[in-house]
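Novice: Coordinates only, no sequence provided:
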């Protein structure tokens with residue numbers, strides 16, 4: 001266990017840059033008498049494992065190869081060496097083997113402190129120790145894997161890997177067999193099942209799978225085995241790394257769908273979203289795949305992450321009707337008005353939003369709780385296009401649901417400014433203005449519309465009716481004064497209505513300011 005943990009850490013150290021510039025040491029210990037440590041410096045590797053009074057230390061440098069039976073050293077590169085020291089029941093033996101310029105190996109063997117001949121007994125000791133050293137450190141893993149596979153096939157490689165206690169060393173053998181051997185479908189299925197069953201670390205499972213996903217994603221049989229293996233991993237982080245690497249391959253729609261299936265099985269919305277967004281980055285994505293992705297957002301619990309996916313989907317050109325319906329259904333599942341607003345505004349940023357977009361936006365806005373977000377979406381809608389008569393009444397119904405006078409006034413001002421209203425719709429909007437409780441917001445809207453130079457008789461009648469709904473004599477007189485110039489040039493009907501509204505002012509002072517302004 002200790003040795004496995006330490007060698008696993010060694011894997012991470014081996015990825016570090018500029019190892020020659022510093023020494024890195026890792027040690028773990030289960031108790032005071034049991035420990036394993038590994039260090040690397042200037043290309044020299046050291047491994048040490050101690051259990052009580054027993055232990056083994058290995059130090060090596062250069063390229064080292066072993067005989068086919070792993071009981072002797074076959075070759076060592078020039079200036080390379082391997083040193084093995086083993087203590088067992090108080091007896092210590094040590095071997096130093098060095099490569100020389102002649103291409104042969106020089107041996108020095110010690111029993112305790114005494115130098116001894118490297119005779120048959122010493123060679124037997126080395127033959128007994130080498131398998132442990134090889135399996136503990138991964139020395140010569142690539143060449144051993146090729147040799148073992150050539151003799152006994154994949155089963156022999158997996159049998160050897162099963163005798164290795166370290167996931168780090170195990171993944172070296174598994175990657176070597178995937179890299180160098182042209183495995184058939186049956187072998188790929190077998191190795192896919194073996195990896196998660198025999199490696200406990202998701203990190204090293206990922207090391208095996210992520211760079212070789214293209215081997216597995218070539219037909220249904222191997223793909224199912226591959227994705228089933230991934231499904232047995234605990235870490236969504238590592239699963240996402242494998243899937244995102246797989247998405248760099250040239251995948252069919254069927255394979256993309258299977259990758260999405262695997263993504264949906266992840267618990268983490270974050271990593272699920274990362275994979276789905278990676279799928280969305282593909283330029284060759286079909287409309288059916290886009291629809292599949294949009295539907296997948298229903299499995300994302302977080303409104304934040306669901307919105308990220310939906311906004312990516314909105315950027316896809318020419319969404320099919322089916323995909324659009326799925327998109328609207330997905331938006332309806334978002335609880336947060338904030339994230340609904342983000343998605344809706346993304347829809348409205350499209351040039352010339354279609355009727356189906358307008359209808360969907362108005363319908364969804366009507367279900368919002370927040371007047372603030374409702375106002376943002378409706379104002380965006382106004383800026384992007386004219387609302388047809390078909391949807392105008394629905395829009396006003398939505399405005400009626402706005403409880404805040406502040407936000408209602410913002411929407412109504414936007415309608416009056418941005419929309420080319422018929423006389424009928426103009427009157428409907430002013431009727432909604434009249435229902436605003438606050439004279440302050442009501443007056444702001446009326447002053448704004450009175451500044452327009454396009455007011456006709458019908459407009460003026462609607463405005464004067466709305467002015468009559470103002471409770472404050474002060475505000476009523478102020479708006480009427482603002483209407484004087486427009487009313488002065490109007491016909492008798494408009495002037496009579498003006499006088500009628502003015503007479504509702506109770507204060508003689510304020511009434512006097514407007515009573516004669518049109519006469």
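Specialist: Good, I have the coordinates. Remember, predicted model here, so these are calculated numbers, not experimental data. Numbering: from 1, shown residues only.
Novice: what's the burial count for residue 37?
Specialist: 19 (other Cβ atoms under 10 Å). All C-beta atoms are positioned from the backbone trio N, CA, C, and that covers glycine.
Novice: wait, isn't it in contact with residue 48?
Specialist: Yes. Taking contacts as Cβ atoms under 8 Å, residue 37 lies within contact range of residue 48: 4.9 Å.
Novice: joint contacts of those two?
Specialist: Between them, residue 37 and residue 48 have no joint contacts when contacts are counted by Cβ atoms under 8 Å, 6 or more residues apart in numbering.
Novice: pLDDT below threshold where in the stretch 301-450 of the chain?
Specialist: Along the stretch 301-450 of the chain, segments meeting pLDDT under 70 span 318, 350-352, 384.
Novice: Okay, helices next: where are they in it?
Specialist: 303-314, 321-332, 337-348, 355-365, 371-384, 389-400, 405-418, 423-434, 439-450 (DSSP state H, counting those that start in this stretch).
Novice: hmm, who's touching the first one?
Specialist: Outside of helix 303-314, the residues that reach it under the criterion Cβ under 8 Å, 6+ apart are 269-270, 272-273, 276-277, 280, 290, 293-294, 296-297, 300, 319, 323, 327, 330-331, 333-336, 338-339, 342-343, 346-347, 350.
Novice: Now do the buried residues in it.
Specialist: Of the residues in helix 303-314, 303, 305, 306, 307, 308, 309, 310, 311, 312, 313, 314 count as buried by neighbour count, 16 or more other Cβ atoms under 10 Å.
Novice: Quick check: the gap between the second one and residue 335.
Specialist: From residue 305 across to residue 335, the span is 13 Å (Cβ to Cβ, to the nearest Å).
Novice: Could you pick out the buried ones from the contacts of helix 303-314?
Specialist: Of the contacts of helix 303-314, these count as buried by 16+ other Cβ under 10 Å: 269-270, 272-273, 276-277, 280, 290, 293-294, 296-297, 300, 319, 323, 327, 330-331, 334, 336, 339, 342-343, 346-347.
Novice: Tell me how many other residues crowd residue 207.
Specialist: By other Cβ under 10 Å, neighbour count at residue 207 equals 23.
Novice: so it makes contact with residue 171?
Specialist: Yes. With contact defined as Cβ under 8 Å, residue 207 reaches residue 171; the gap is 4.9 Å.
Novice: what's the average pLDDT for the host helix or strand of residue 229?
Specialist: Per DSSP states H and E: residue 229 is located in helix 220-230. On average, the pLDDT along helix 220-230 is 92.
Novice: same deal with stretch 262-279?
Specialist: Here the average pLDDT along stretch 262-279 is 93.
Novice: That stretch: how far from the chain's middle?
Specialist: 6 Å (Cα atoms, centre = their mean, to the nearest Å).
Novice: now stretch 75-82
Specialist: 47 Å.
Novice: Name the SS class of residue 48, please.
Specialist: Secondary structure state of residue 48, per DSSP: H, G, I helix; E, B strand; the rest coil, is strand.
Novice: per-residue pLDDT, it?
Specialist: 89.
Novice: any weak-confidence spans in the stretch 1-150 of the chain?
Specialist: Checking the stretch 1-150 of the chain against pLDDT under 70 turns up 1-33.
Novice: Tell me the spacing between the residue lying closest to residue 358 once chain neighbours are set aside and residue 143.
Specialist: Of all residues not flanking residue 358 in the chain, residue 391 sits nearest, at 5.5 Å (Cβ to Cβ, 6 or more residues apart in numbering). Using Cβ to Cβ, residue 391 is found at 73 Å from residue 143.
Novice: Pull out the buried residues from the helix or strand where residue 213 lies.
Specialist: Element membership of residue 213 [criterion: DSSP H and E] is helix 213-216. Across helix 213-216, burial judged by 16+ other Cβ under 10 Å covers 213, 215, 216.
Novice: and residue 393, what does it touch?
Specialist: Per Cβ under 8 Å, 6+ apart, neighbours of residue 393: residue 428.
Novice: Can you verify my assumption that residue 202 contacts residue 238?
Specialist: Yes. In this structure, residue 202 is within contact of residue 238 by Cβ under 8 Å, at 4.2 Å.
Novice: Quickly note the distance from residue 412 to residue 483.
Specialist: For residue 412, the distance to residue 483 - Cβ to Cβ - is 18 Å.
Novice: and what of residue 65?
Specialist: Residue 65 is 100 Å from residue 483, by Cβ to Cβ.
Novice: quick one: which of those two has more around it?
Specialist: Of the pair residue 65 and residue 483, residue 483 is the one with more neighbours under other Cβ under 10 Å, namely 26 against 14.
Novice: What residues does that one make contact with?
Specialist: 450, 460, 463, 464, 467, 498.
Novice: Check the residues you listed for burial and list the buried ones.
Specialist: By 16+ other Cβ under 10 Å, the contacts of residue 483 give 450, 460, 463, 464, 467, 498 as buried.
Novice: got CSV for the residues you listed, with distance to residue 257 too?
Specialist: Converted to CSV, the buried ones among the contacts of residue 483 look like this (distance: Cβ to Cβ, whole Å):
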residue, distance to residue 257
450, 60
460, 62
463, 59
464, 63
467, 62
498, 69
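Novice: would TSV of the residues you listed with secondary structure and distance to residue 477 be doable?
Specialist: What follows is the buried ones among the contacts of residue 483, written out as TSV (DSSP: H, G, I helix; E, B strand; the rest coil; distance: Cβ to Cβ, whole Å):
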residue	secondary structure	distance to residue 477
450	helix	14
460	helix	17
463	helix	15
464	helix	14
467	helix	10
498	helix	12
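Novice: does the residue nearest in space to the middle of the chain belong to a helix or a strand, and which?
Specialist: In the chain, the centroid-proximal residue (Cα atoms, centre = their mean) is residue 274; its distance is 2.2 Å. Here residue 274, judged by DSSP H and E, is contained in helix 269-280.
Novice: Specify the angle between that helix and helix 303-314 in degrees.
Specialist: 0 degrees (axes from the mean of the first three to the mean of the last three Cα atoms, to 10 degrees).
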